[in-house]
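>>> Sequence below, structure please.
(one chain, ligands or ions: 1)
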Amino acid sequence: MVPRHVISVDQFLDRSFLSSLFGRAALFEAQRKARKIECTLNGRVMVALFYEPSTRTRLSFETAMLLLGGSVVGTESASHFSSAAKGETMEDTIRVVGNFGDVIVIRHPEEGIAVRAASVSEKPIINAGDGIGEHPTQALLDLYTILKELGRIDGIHIALVGDLKHGRTIHSLAKLLSLYNVKLSLVAPNQLKLPEKYKEFLDKAGIIYSEHDSYEPILGSVDVLYVTRVQKERFADAAEYEKLKNAFVVTPAHLAKMKPNSIIMHPLPRVAEISNAVDNDRRAAYFRQTENGLYIRMALLEHVFLDRAGTPLAG
Ligand code: NCD
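Below is the predicted model of the structure:
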């Protein structure tokens with residue numbers, strides 16, 4: 001039997017699937033708040049292999065697995081503390097840890113690593129970020145957040161801001177948004193624009209987008225300002241990073257120009273691109289966004305093991 005991997009959002013380009021996934025996430029949220037979660041993954045083990053830093057993704061996956069009754073093993077600094085440090089290939093590592101775990105969650109600096117891992121794995125592989133490739137589970141929680149916060153996805157104007165070149169959350173989210181009738185503004189310095197392959201994807205899907213080097217002119221019309229960090233670790237030239245790192249900094253003065261029912265999102269970690277002074281405004285949705293990651297990851301873990309139709313959430 002082919003395991004049910006989670007590699008790219010390409011496999012989730014189906015509104016009815018998303019709607020049932022979001023329905024399960026909402027149910028898990030209610031169960032979590034009532035402290036009544038059915039332990040459907042009892043006896044299953046999740047292996048977390050993280051070759052790059054992570055706080056939210058790893059801890060929310062681990063929490064999700066534990067809440068569903070499963071167990072967790074893993075290495076959070078796999079490039080130093082796993083046998084990768086001795087020269088073991090990813091393929092061999094996957095074959096080995098597949099003997100212990102029932103699902104393997106991987107974060108790694110190399111784009112495409114999750115596909116390689118899946119090609120030799122008898123256990124489901126979940127891509128928790130592959131270099132400058134994709135971050136499908138983050139994009140799913142981002143979309144879920146938009147739906148929860150605004151009550152709809154169709155008809156919104158969303159600005160993707162920051163490092164659109166290296167930001168894997170952006171790459172996955174742009175593709176997922178193409179399922180909906182959205183207006184997209186891509187806001188980045190010239191050096192950090194969205195790569196052609198994602199623009200071609202949007203073109204094929206018939207999404208109307210425009211590119212900008214500043215968000216000032218569009219602040220008054222956006223429903224979602226999705227801000228990202230300039231990805232320092234992807235720069236070969238430190239001086240180039242220094243030049244670009246503060247290309248955008250959202251401050252209360254920007255908030256004042258935004259619609260009262262709009263939201264600001266960020267996958268986090270934030271460095272300087274959103275001032276702390278913005279955090280207490282109701283429109284700052286980034287910490288609520290993080291919490292949603294827990295429920296989406298519970299729904300995804302359930303999805304890789306079990307067939308649950310769920311109650312669709314409109315969107
Ligand atoms: C993001 C990532 O790892 O791509 N973080 C996350 O998982 N929430 C964003 C980032 O590191 O800037």
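>>> alpha carbons only for contacts and neighbour counts from here, please
OK.
>>> what are the phi and psi angles of the closest residue to Ala78 other than its chain neighbours?
Spatial nearest neighbour of Ala78, excluding adjacent residues (Cα to Cα, 6 or more residues apart in numbering): Tyr51 at 4.6 Å. Main-chain dihedrals, Tyr51, degrees, to the nearest 10: phi -100, psi 0.
>>> neighbours around Tyr51, how many?
21 (other Cα atoms under 10 Å).
>>> Could you do the one 3 residues further on as well?
Using other Cα under 10 Å, Ser54 has 15 other residues around it.
>>> Next, the contact list for it, please.
For Ser54, the contacting residues are Glu76, by Cα atoms under 8 Å, 6 or more residues apart in numbering.
>>> Just the closest residue of the stretch 1-150 of the chain to the ligand, please.
Nearest residue of the stretch 1-150 of the chain to the ligand, counting by Cα to the nearest ligand atom: Thr57, 5.2 Å away.
>>> Am I right that that residue falls within a strand?
No - under DSSP: H, G, I helix; E, B strand; the rest coil, Thr57 falls outside any strand and is assigned helix.
>>> Tell me how far it lies from Glu216.
Distance of Thr57 to Glu216, computed by Cα to Cα, to the nearest Å: 31 Å.
>>> More neighbours: which of the two?
Counted by other Cα under 10 Å, Thr57 and Glu216 do not tie: Thr57 has more neighbours, with 23 against 11.
>>> how about the residue nearest to Ala238 when sequence neighbours are not counted, what does it touch?
What sits nearest to Ala238 in space, not counting adjacent residues and going by Cα to Cα, 6+ apart, is Lys232, at 7.9 Å. Lys232 makes contact with 238, 241, 245, according to Cα under 8 Å, 6+ apart.
>>> now these in CSV, with neighbour count and pLDDT?
Converted to CSV, these look like this (neighbours: other Cα atoms under 10 Å; pLDDT from 0 to 100):
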residue, neighbour count, pLDDT
Ala238, 11, 96
Tyr241, 16, 96
Lys245, 19, 95
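>>> Distance to Ser262 and secondary structure added to those residues, as a markdown table?
Formatted as a markdown table, the contacts of Lys232 follow (distance: Cα to Cα, whole Å; DSSP: H, G, I helix; E, B strand; the rest coil):
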| residue | distance to Ser262 | secondary structure |
| --- | --- | --- |
| Ala238 | 35 | helix |
| Tyr241 | 30 | helix |
| Lys245 | 25 | coil |
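>>> Just name the closest of the residues you listed to the ligand, please.
The ligand lies nearest to Lys245 out of these, by Cα to the nearest ligand atom, at 12.1 Å.
>>> Can you tell me which helix or strand of the protein has the lowest average pLDDT?
In the chain, no helix or strand scores lower on mean pLDDT, DSSP states H and E than helix 78-81, which sits at a mean of 80.
>>> I appreciate the help and will end here.
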